[in-house]
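J.: Here you go, sequence then predicted model.
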Amino acid sequence: MLDVTFSFKHDCYYCNLSRDFPESTMLVCCNDKRDIIEFIASTPKAVDAAISKLREAGTEAERSEKGNRVVVITDKCLCNMCSDTETKLHMDLGVLMVSPRIFSNGWEQRRILGFNNGHIKSIMESLQGRFPTKILSKRPVRGGLFGELFSPSSNQLFGSMTNRQMEAIVLACREGYYYSPRKATTARLAKVFGTSRPTFEEHLRKAENRMIRVLCDYITVDAVRPARNAVRGGQRPDD
């Protein structure tokens with residue numbers, strides 16, 4: 001099996017939207033009836049400009065936002081709003097699509113799993129004959145597939161942190177607190193942070209705890225260790 005990420009430039013609704021609003025990146029998932037779009041930009045104003053254009057199609061059904069990241073659910077699928085309908089990649093070419101699709105500055109980025117090199121070659125030749133196309137990565141998959149496909153998102157890792165918790169852990173990383181041996185103490189970091197040592201350590205500990213709880217779920221999925229060595233509830237499975 002091959003894991004391939006590529007981008008191509010074609011005439012579709014989201015490519016054109018991302019071209020018109022280059023400060024916004026769009027992550028899109030769909031089920032052929034509705035789309036889920038996450039808009040990401042450097043400022044909330046840039047996101048609002050792209051969403052205002054989206055509303056002209058009369059598609060917004062639900063919306064949630066946090067800072068400069070806004071999620072919109074549409075009341076219809078916009079994927080087929082293309083002047084060239086042949087840009088759709090069909091599943092019968094022998095590949096699996098991995099969501100989301102990413103649109104940025106007029107380009108669409110996709111990730112696919114092909115069962116052999118012939119499947120990938122067919123798709124690339126088809127695209128390169130019609131559109132500007134770039135292969136961004138291509139590698140064989142040899143185990144650990146789901147651990148890579150379902151890695152934790154930045155929102156899962158950091159979404160529930162306060163700004164001070166994120167600032168604390170970023171400072172600790174930057175100053176070498178997590179090196180072995182450590183290059184910084186919490187006392188020195190607290191001074192840079194502008195707070196007391198106990199307060200800084202509390203911010204850091206809460207940030208670490210939030211990240212570790214998320215990562216533990218993915219360590220379980222990845223099955224790094226044999227099941228017989230896993231400890232649950234204080235006991236090994238064979239105890």
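T.: The structure has been received and is ready for your questions. Because the structure is predicted, anything quoted here is derived from the model rather than measured.
J.: Walk me through the domains of this structure.
T.: For the chain, automatic domain parsing gives the domain ranges 2-142, 154-229.
J.: With mean neighbour count added, can I get those domains in TSV?
T.: Backbone N, C-alpha and C define where each C-beta goes, glycine included. Converted to TSV, those look like this (neighbours: other Cβ atoms under 10 Å):
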stretch	mean neighbour count
domain 2-142	16
domain 154-229	14
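J.: Rebuild these as a markdown table, extending it with mean pLDDT.
T.: Putting the domains of the chain into a markdown table (pLDDT from 0 to 100) gives the following:
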| stretch | mean pLDDT |
| --- | --- |
| domain 2-142 | 80 |
| domain 154-229 | 80 |
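J.: for this protein, longest helix please?
T.: helix 197-222 (DSSP state H).
J.: after the strand of greatest length in the chain comes which helix or strand?
T.: Determined from DSSP state E, the single longest strand within the chain is strand 95-104. Using DSSP states H and E, the next helix or strand after strand 95-104 towards the C-terminus is strand 107-114.
J.: would you list every one of the helices in this structure?
T.: So, for the chain - with DSSP H - the helices run 13-20, 44-55, 117-128, 145-149, 154-158, 163-174, 186-193, 197-222.
J.: Output those in CSV; the columns should cover distance to Leu78.
T.: Below are the helices of the chain laid out as CSV (distance: least, Cβ to Cβ, whole Å):
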stretch, distance to Leu78
helix 13-20, 5
helix 44-55, 8
helix 117-128, 21
helix 145-149, 25
helix 154-158, 23
helix 163-174, 34
helix 186-193, 45
helix 197-222, 32
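J.: that older thread, what helices and strands are in contact with the longest helix of the chain?
T.: Packing contacts for helix 197-222, counted by 3 or more Cβ pairs under 8 Å, 6 or more residues apart in numbering; DSSP states H and E, involve helix 145-149, helix 154-158, helix 163-174, helix 186-193.
J.: Could you check how far it is from the centre of its chain?
T.: How far helix 197-222 lies from its chain's middle: 20 Å, per Cα atoms, centre = their mean, to the nearest Å.
J.: Over to stretch 106-119?
T.: 17 Å.
J.: ok, residues contacting that stretch?
T.: 1-10, 12, 14-16, 18-19, 22, 89, 93-98, 101-103, 120, 123, 136, 141 (Cβ atoms under 8 Å, 6 or more residues apart in numbering).
J.: Only the C-alpha atoms, please, for that stretch, written as PDB.
T.: The C-alpha coordinates for stretch 106-119 follow below in PDB (Å, rounded to 0.1, in the frame of the first residue of the first chain):
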ATOM      1  CA  GLY A 106      -6.200  28.100  -5.700                       C
ATOM      2  CA  TRP A 107      -4.800  24.600  -5.100                       C
ATOM      3  CA  GLU A 108      -6.500  21.500  -3.800                       C
ATOM      4  CA  GLN A 109      -4.500  19.000  -1.700                       C
ATOM      5  CA  ARG A 110      -5.500  15.400  -1.300                       C
ATOM      6  CA  ARG A 111      -4.200  12.400   0.500                       C
ATOM      7  CA  ILE A 112      -4.900   8.900  -0.900                       C
ATOM      8  CA  LEU A 113      -4.000   5.300  -0.100                       C
ATOM      9  CA  GLY A 114      -3.300   3.200  -3.200                       C
ATOM     10  CA  PHE A 115      -3.100  -0.600  -3.100                       C
ATOM     11  CA  ASN A 116      -0.300  -0.700  -5.600                       C
ATOM     12  CA  ASN A 117       1.800   1.700  -7.700                       C
ATOM     13  CA  GLY A 118      -0.400   1.100 -10.800                       C
ATOM     14  CA  HIS A 119      -3.400   2.700  -9.000                       C
END
